[in-house]
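In: pasting a predicted model and its sequence here:
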Amino acid sequence: MSRKGKVLVAMSGGIDSTVTALMLHNEGYEVIGITMKTWDYASSGSSSKETGCCNIDSFNDARQAAVHHGFPHFILDIREEFGDFVIENFVDEYIAGRTPNPCVMCNTHIKWRALLKRANAMDCEFIATGHYAKIHRHHNDRYYISKGLDETKDQSYVLWGLDQELLSRTMLPLGGYHKTEIRQMAMDMGYPELAKKSESYEICFVPDNDYRGFLRNRVPGLEERVAGGWFVDKNGKKLGAHKGYPFYTIGQRKGLEIAMGRPVYVTSIHPDTNTVVLGDESDLEQNDMLVGKLNMIKYECITEGMETVTRIRYKDKGSLSHLYNAEDGLRVRFYENVKSIAPGQSAVFYEGNDVIGGGIIQRGELVLG
């Protein structure tokens with residue numbers, strides 16, 4: 001048994017998780033590799049070839065790396081667990097007129113829990129993944145996440161939901177490296193094909209990155225249920241018929257199939273009336289939002305009026321804001337207006353590079369004065 005400890009590494013077969021496993025193996029940890037099957041395209045009615053983390057080639061790549069370096073590897077089928085929570089949440093959120101973030105839900109409720117459960121069964125002290133982020137321990141004894149060194153690859157935003165138990169057992173070895181360094185490591189380790197392997201940024205269970213088609217296949221009769229809705233302006237004036245409110249997202253401009261003589265955007269969605277409000281780009285601007293379903297990481301709670309940088313989507317650089325306690329979550333007041341606050345998306349609060357916590361956006365508004 002290794003003096004450094006035993007670690008269960010999530011291996012997708014891609015470059016990041018493979019280098020993570022081999023790095024820890026070379027450092028003297030007792031590594032066990034595990035590949036999780038979360039989804040298969042046949043379940044969605046798609047004829048497309050599986051891509052990303054859920055295809056047989058990726059499973060084989062992960063297993064071959066483990067066998068070559070002499071550590072065990074297992075395949076874990078969590079399709080039932082994944083489908084029951086992540087996909088139902090994904091569908092339910094769109095039906096509720098919100099925009100879900102399935103990667104956050106999967107990390108928070110499925111993948112890490114599945115890893116920890118198997119780690120405990122195998123007497124592993126740690127679990128590890130190939131995410132570009134860091135985990136630290138604060139002087140208040142709380143574990144917290146901070147941004148990865150490579151800001152172009154930083155994944156701290158999608159990890160805000162991990163609780164203290166999960167963070168205390170997690171290792172993220174790639175957080176201190178740039179992607180170019182990881183590609184070079186893969187080359188040096190004898191895996192040039194991984195260094196050249198393309199990366200998928202699509203949702204793993206949405207076959208062609210077509211969430212509308214996925215919803216149609218997943219919810220029989222959905223189109224009929226949501227037919228007959230209207231695009232309206234902010235005063236409620238009808239502008240034209242739409243295809244059903246679940247098929248639109250806040251901030252959407254393309255694919256509206258309505259001629260207005262100028263660019264228009266989806267500014268809000270109302271499931272109860274099956275209406276989708278269109279407006280100018282300026283109508284997307286808001287400066288206040290309510291965030292619920294919180295997970296506080298660095299501190300147990302905020303100090304009233306705490307200044308943070310708040311990100312409202314994955315590629316968002318973040319905006320200065322103040323946080324205030326509210327009865328049903330946190331109220332976030334931005335210094336300057338931000339665009340396209342989408343209920344259902346994640347809001348993540350940063351103190352410098354550190355994640356204070358995060359939650360799910362409930363609503364946004366423009367507050368004057």
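Out: Yes, it's here.
In: okay, CA-based contacts and neighbour counts for the rest of this
Out: OK.
In: may I see the buried residues of the helix or strand encompassing Leu290?
Out: According to DSSP states H and E, Leu290 maps onto strand 285-296. Of all the residues in strand 285-296, those buried under the rule 16 or more other CA atoms under 10 Å are Glu285, Gln286, Asn287, Asp288, Met289, Leu290, Val291, Gly292, Leu294, Asn295, Met296.
In: using a markdown table, lay out the residues you listed together with pLDDT and distance to His69.
Out: Output for those, formatted as a markdown table (pLDDT from 0 to 100; distance: CA to CA, whole Å):
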| residue | pLDDT | distance to His69 |
| --- | --- | --- |
| Glu285 | 97 | 53 |
| Gln286 | 97 | 53 |
| Asn287 | 97 | 53 |
| Asp288 | 98 | 52 |
| Met289 | 98 | 50 |
| Leu290 | 98 | 49 |
| Val291 | 98 | 46 |
| Gly292 | 97 | 45 |
| Leu294 | 97 | 41 |
| Asn295 | 97 | 38 |
| Met296 | 97 | 39 |
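In: so which of those residues comes closest to Met122?
Out: Checking those against Met122 by CA to CA gives Asn295 as the nearest, at 28.2 Å.
In: tell me how far the nearest residue to Asn337 once chain neighbours are set aside lies from Ile312.
Out: Nearest residue to Asn337, sequence neighbours excluded (CA to CA, 6 or more residues apart in numbering): Asn287, at 4.6 Å. Here the criterion is CA to CA, to the nearest Å. By it, Asn287 lies 12 Å from Ile312.
In: tell me the spacing between Met289 and Asp84.
Out: Separation of Met289 from Asp84 (CA to CA): 29 Å.
In: show me what the helix or strand following the strand holding Leu290 pairs with in its sheet, parallel or antiparallel.
Out: Next helix or strand after strand 285-296 toward the C-terminus (DSSP H and E): strand 306-311. Here strand 306-311 is paired, per DSSP bridges, with strand 319-326 (antiparallel), strand 346-351 (antiparallel).
In: to Val206, which of those strands lies closest?
Out: strand 346-351 (19.6 Å).
In: name the residues of the closest one that are buried.
Out: Ser346, Ala347, Val348, Phe349, Tyr350.
In: now do stretch 79-93
Out: By 16+ other CA under 10 Å, the buried positions in stretch 79-93 come out as Glu81, Phe82, Gly83, Val86, Ile87, Asn89, Phe90, Val91, Asp92, Glu93.
In: excluding chain neighbours, give the residue nearest to the last one in space.
Out: Okay, so that is Glu93. Once chain neighbours are set aside, the closest to Glu93 by CA to CA, 6+ apart is Pro100, at 5.8 Å.
In: rewinding a little: of the strands paired with strand 306-311, which is nearest Thr273?
Out: Evaluated over the strands paired with strand 306-311, closeness to Thr273 peaks at strand 346-351, with 25.4 Å, by CA to CA.
In: orientation of the very next helix or strand once past the closest one relative to strand 346-351 in degrees?
Out: The helix or strand immediately downstream of strand 346-351 is strand 354-365, counting by DSSP H and E. Angle of strand 354-365 versus strand 346-351, following axes from the mean of the first three to the mean of the last three CA atoms, to 10 degrees, is 130 degrees.
In: which secondary structure elements does strand 354-365 contact?
Out: Other elements packing on strand 354-365 under the criterion 3 or more CA pairs under 8 Å, 6 or more residues apart in numbering; DSSP states H and E are strand 143-147, strand 285-296, strand 346-351.
In: show me how far that strand is from its chain's centre.
Out: 13 Å (CA atoms, centre = their mean, to the nearest Å).
In: what about that strand, average pLDDT?
Out: Averaging pLDDT along strand 354-365 gives 97.
In: can you check stretch 334-348 too?
Out: For stretch 334-348, mean pLDDT rounds to 97.
In: also stretch 252-265?
Out: 95.
In: run the chain-centre distance for that stretch.
Out: Per CA atoms, centre = their mean, the centroid offset for stretch 252-265 relative to its chain is 28 Å.
In: quick one: the helices in the stretch 101-250 of the chain, in order.
Out: Under the criterion DSSP state H, counting those that start in this stretch, the stretch 101-250 of the chain contains helices at 102-106, 112-121, 164-169, 179-188, 192-195, 211-218, 222-225.
In: among those, pick out the one with the most neighbours on average.
Out: Among those, the stretch with the highest mean neighbour count (mean count of other CA atoms under 10 Å) is helix 102-106, at a mean of 19.
In: give me the helices and strands touching that helix, please.
Out: Contact partners of helix 102-106 among helices and strands, from 3+ CA pairs under 8 Å, 6+ apart: none.
In: got the CA coordinates for that helix in PDB?
Out: Output of helix 102-106 as PDB, limited to C-alpha atoms (Å, rounded to 0.1, in the frame of the first residue of the first chain):
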ATOM      1  CA  PRO A 102     -27.000  20.100 -16.200                       C
ATOM      2  CA  CYS A 103     -23.200  19.900 -15.800                       C
ATOM      3  CA  VAL A 104     -23.500  21.600 -12.400                       C
ATOM      4  CA  MET A 105     -26.400  19.300 -11.400                       C
ATOM      5  CA  CYS A 106     -24.400  16.200 -12.500                       C
END
